[in-house]
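Peer 1: Got a sequence here, can you model it:
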Amino acid sequence: MKRLLALLVVISLSGCSELLFYPERGLPLTPDKAHLAWRDVTLTAADGTRLNAWFLPAKPGVPVKGTVLHLHGNGGNMAWHLAGSWWLPEQGYQVLLVDYRGYGRSEGEPSLPAIYQDIDAAFDWLNTAPDVQGKPLVVLGQSIGGALAVHYLSEHPQQRARVKALVLDGVPASYREVARYTLGTSWLTWAFKRPLSWVIPDGDSAINGMPQLEGTPMLLFQSLDDTQVPLHNGISLYKAAPPPRVLQLTRGPHVQTFGDPTWREVMVRYLDDPQHFNGLRRLGEIPNYPDPQTGKAAPSSQP
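Peer 2: Numbers count the residues shown, from 1 in each chain. Sure thing, here's the model as predicted:
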């Protein structure tokens, strides 16, 4: 989650949820730069806020397996997060990638709980778009986008019933726990990590919504190398998730999961059978990161 706890002292004094979000206006690129077919979509939230989204159809000639609603992390805008889903159309999955209010070309300013209206608007579009009807729906939430997805689905059982699977990538279980972890990484704030963390609002944290997601298959990606959402946070989220759920340990930086074809393959295989596919279970199959010889990600073994 990009700069999740930057300006932590300000957050602790103000309690403003707006400071969880780091949007960038405008779009530095569009999907045609990645040679993808796409179209602009305009969504309207319940309060009238107009939101920008991209719809990426499945690659021509590839049978459509379903539609993925991609909820991105808290920094930049959807152009920055296209790497999380650009590869799905080639695998037969259409994608709706949404910019929350205040991001990219979307109107408004991001804050809780208003931002849940944006997810609601995305579901409204998915409920009526002709391209989507009769096809499985998958939600992909990366970083804070995953936390938003869990909280939203926990409070909207009718929308949750439509979801074939929920894929979470580098998602914080608890905003408060991540605050403590971040404060503990600096000698300047280590002594204050516990008292300061208590002023971080935690009611919307993903771990609190997990018990309500019973019956929703989940795949949780958690990197051993994540310096923003640490391993113990991801394991806590996994433990709170009702079955059926799969924890897939990975290597590499925060939410850079799908830059590695191994994890793209794992997600596709999981979506083929969310009830039974268990991912890569042996750590020996997980590539080291970084490669000690080159300093780059090691070549991936295929599952």
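Peer 1: Quickly note the distance from residue 99 to residue 169.
Peer 2: Using CB to CB, to the nearest Å, residue 99 is found at 18 Å from residue 169. (Each C-beta comes from the backbone N, C-alpha and C, glycine too.)
Peer 1: same deal with residue 204?
Peer 2: Distance of residue 204 to residue 169, computed by CB to CB: 19 Å.
Peer 1: Now do the contacts for the residue positioned nearest the centre of the chain.
Peer 2: Centroid check for the chain by CA atoms, centre = their mean gives residue 142 as the closest residue, at 1.6 Å. Neighbouring residues of residue 142 by CB atoms under 8 Å, 6 or more residues apart in numbering: 70, 71, 72, 73, 81, 84, 168, 169, 170, 171, 255.
Peer 1: The first one falls within a helix, correct?
Peer 2: Meaning residue 70. No: Residue 70 is assigned strand when assessed by DSSP: H, G, I helix; E, B strand; the rest coil, not a helix.
Peer 1: going forward, begin numbering at 24 instead of 1
Peer 2: Yes, from this point I'll number from 24; that puts the last item at residue 93.
Peer 1: Tell me if I'm right that it and residue 110 touch.
Peer 2: No: judged on CB atoms under 8 Å, residue 93 makes no contact with residue 110 at a distance of 11.4 Å.
Peer 1: can you count the residues close to the closest residue in space to residue 273 that isn't next to it in sequence?
Peer 2: Leaving out its chain neighbours, the residue that sits closest to residue 273 by CB to CB, 6 or more residues apart in numbering is residue 246, at 4.7 Å. When neighbours are counted by other CB atoms under 10 Å, residue 246 registers 26.
Peer 1: about what we covered before: between residue 227 and residue 192, which has more neighbouring residues?
Peer 2: Using other CB under 10 Å, the more surrounded residue of residue 227 and residue 192 is residue 192, with 28 against 21.
Peer 1: What distance do you get for that one to residue 245?
Peer 2: The gap separating residue 192 from residue 245 is 8 Å, by CB to CB.
Peer 1: Do a quick rundown of the helices in the protein.
Peer 2: Here the chain has its helices, by DSSP state H, at 31-37, 138-151, 167-178, 180-183, 198-206, 216-220, 229-232, 254-263, 284-295.
Peer 1: And the second one, how far out from the chain middle?
Peer 2: Mean-position distance between helix 138-151 and its chain equals 16 Å (CA atoms, centre = their mean, to the nearest Å).
Peer 1: what's that helix packed up against?
Peer 2: Packing partners of helix 138-151 (3 or more CB pairs under 8 Å, 6 or more residues apart in numbering; DSSP states H and E): strand 62-67, strand 73-79, strand 89-94, strand 116-121, helix 167-178.
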